[in-house]
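Asker: Curious how this folds, go ahead:
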Amino acid sequence: MYVTVLMGYVSRENWSTLQKAFAEAVRHPPKDLLHSVLVQSVDDPMQWQIISFWSSYEAYQAAEANKQTDTCVQLFCAAGSTPTRRGYRVSERFSRI
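Answerer: Coordinates of the predicted model:
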């Protein structure tokens, strides 16, 4: 599993723009995207992140090559932010269902 964290600072007047655009974008996710969440920092409310869980690093790379990962970047840009992305390989995990 591979996780990406896209982070950007969004001004208050653009929060709903980002939220609505994310809700629309996740209607048609890439096939190997397992889970994605839009989160807002409690400590710094202008900081937002899109945390995405991919089936593998290779699946993420394929989506990136097909420009499917650009969608989330565009969401931040449309909300007036220039985001940064970090990638993480999952070492261990826990899930409660």
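Asker: Show me which positions of the longest helix along the chain end up buried.
Answerer: The residue-count maximum for a helix in the chain (DSSP state H) belongs to helix 15-25. Of all the residues in helix 15-25, those buried under the rule 16 or more other Cβ atoms under 10 Å are 18-19, 21-22, 25. Backbone N, C-alpha and C define where each C-beta goes, glycine included.
Asker: packing partners for whichever helix or strand comes after it?
Answerer: Next along the chain after helix 15-25, taking DSSP states H and E as the criterion, comes strand 33-40. For strand 33-40, the packing partners by 3 or more Cβ pairs under 8 Å, 6 or more residues apart in numbering; DSSP states H and E come out as helix 15-25, strand 47-54.
Asker: returning to what we had before: from the middle of its chain, how far away would the longest helix of the chain be?
Answerer: Centroid separation between helix 15-25 and its chain, computed with Cα atoms, centre = their mean, to the nearest Å, is 12 Å.
Asker: picking up where we left off before, which one of the helices and strands packed on strand 33-40 lies closest to Leu33?
Answerer: In terms of Cβ to Cβ, the element of those nearest to Leu33 is strand 47-54, at 6.0 Å.
Asker: And the contacts of the closest one?
Answerer: 1-10, 15, 18, 22, 32-41, 60, 63, 72, 75-76, 81, 90 (Cβ atoms under 8 Å, 6 or more residues apart in numbering).
Asker: From Arg93, how far off is Ser41?
Answerer: 23 Å (Cβ to Cβ, to the nearest Å).
Asker: burial of Trp48, as a residue count?
Answerer: Neighbouring residues of Trp48 were enumerated by other Cβ atoms under 10 Å; the total is 25.
Asker: and Ser36, what does it touch?
Answerer: 26, 29, 50-53, 72.
Asker: Once you drop chain neighbours, what's closest to the most centrally placed residue in the chain?
Answerer: Geometric centre of the chain, nearest residue: Ile50, 2.8 Å, by Cα atoms, centre = their mean. If you skip the residues right next to it in sequence, Ile50 has Leu6 as its closest partner in space, 4.5 Å away by Cβ to Cβ, 6 or more residues apart in numbering.
Asker: How is the one you found assigned, secondary-structure-wise?
Answerer: When classified by DSSP: H, G, I helix; E, B strand; the rest coil, Leu6 comes out as strand.
Asker: Great, nothing more from me.
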